[in-house]
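Asker: turn this into a model:
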Amino acid sequence: MEYINERDREFRNKTSGPKYIFRGPKLEWGILVLNPSEKLGHHFHEKVEETFFLEEGEATMIINGKEIQAQRGDAFRLDPGDTHDIENRTKYACRFIFIKCPYIPDDKKSLN
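Answerer: Have a look, this model is predicted:
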């Protein structure tokens, strides 16, 4: 068993970016906050499946070149090889929960 509170982890960019709550041994999951005008970064995974759940706000999901306007409550499951990015084109922060499985921390190919 592992226990942690979100406040015990930090966002990559202090107030935004990913905040990993659990990393391994079988999966990783965390919280992603994008402030206005921020982007996740266009990338894909060769072996990892990734799921996003939009908990707060709105965002533009770009999956395999297709733009989808995501609203609170939307969920996206991406297969390995699906290219993706998330852009916050609004005036307010957006907040996602993400899950990546299996846990392969180096399985990310940037397309920027």
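Asker: the host helix or strand of residue 99: partners in the sheet, and parallel or antiparallel?
Answerer: Applying DSSP states H and E as the criterion places residue 99 in strand 94-101. Strand pairing for strand 94-101, using DSSP bridges, gives strand 28-34 (antiparallel), strand 49-56 (antiparallel).
Asker: contacts only, for residue 65.
Answerer: With contact set as CB atoms under 8 Å, 6 or more residues apart in numbering, residue 65 has these partners: residue 83. Glycine gets a C-beta too; all of them are placed from N, C-alpha and C.
Asker: 10 Å instead, please
Answerer: Neighbouring residues of residue 65 by CB atoms under 10 Å, 6 or more residues apart in numbering: 42, 83-85.
Asker: specify which member of those residues is nearest to residue 63.
Answerer: The shortest approach to residue 63 among these belongs to residue 84, at 5.0 Å (CB to CB).
Asker: how many residues are close by the nearest residue to that closest one once chain neighbours are set aside?
Answerer: In this structure, residue 84 finds its nearest non-sequential neighbour in residue 63, 5.0 Å apart by CB to CB, 6 or more residues apart in numbering. If you count neighbours by other CB atoms under 10 Å, residue 63 ends up with 15.
Asker: heads up, I number from 57, so please use that
Answerer: Let's use 57 as the start, then, which means that last one is residue 119.
Asker: identify the bridge partners of residue 119.
Answerer: Beta-bridge partners, per DSSP bridges, of residue 119: residue 122, residue 140.
Asker: ok, now how distant is it from residue 168?
Answerer: Look at residue 119 and residue 168: by CB to CB, to the nearest Å, they are 16 Å apart.
Asker: then residue 121?
Answerer: 15 Å.
Asker: before we move on, what about residue 78?
Answerer: Counting by CB to CB - residue 78 and residue 168 are separated by 27 Å.
Asker: which of those two has more neighbours?
Answerer: When residue 78 and residue 168 are compared for neighbours, residue 78 comes out ahead with 15 against 7, by other CB under 10 Å.
Asker: the more buried one: what's it in contact with?
Answerer: 58, 60, 65, 84-86, 155, 159.
Asker: please repeat the previous calculation with a cut-off of 7 Å.
Answerer: By CB atoms under 7 Å, 6 or more residues apart in numbering, residue 78 lies in contact with 58, 84-85.
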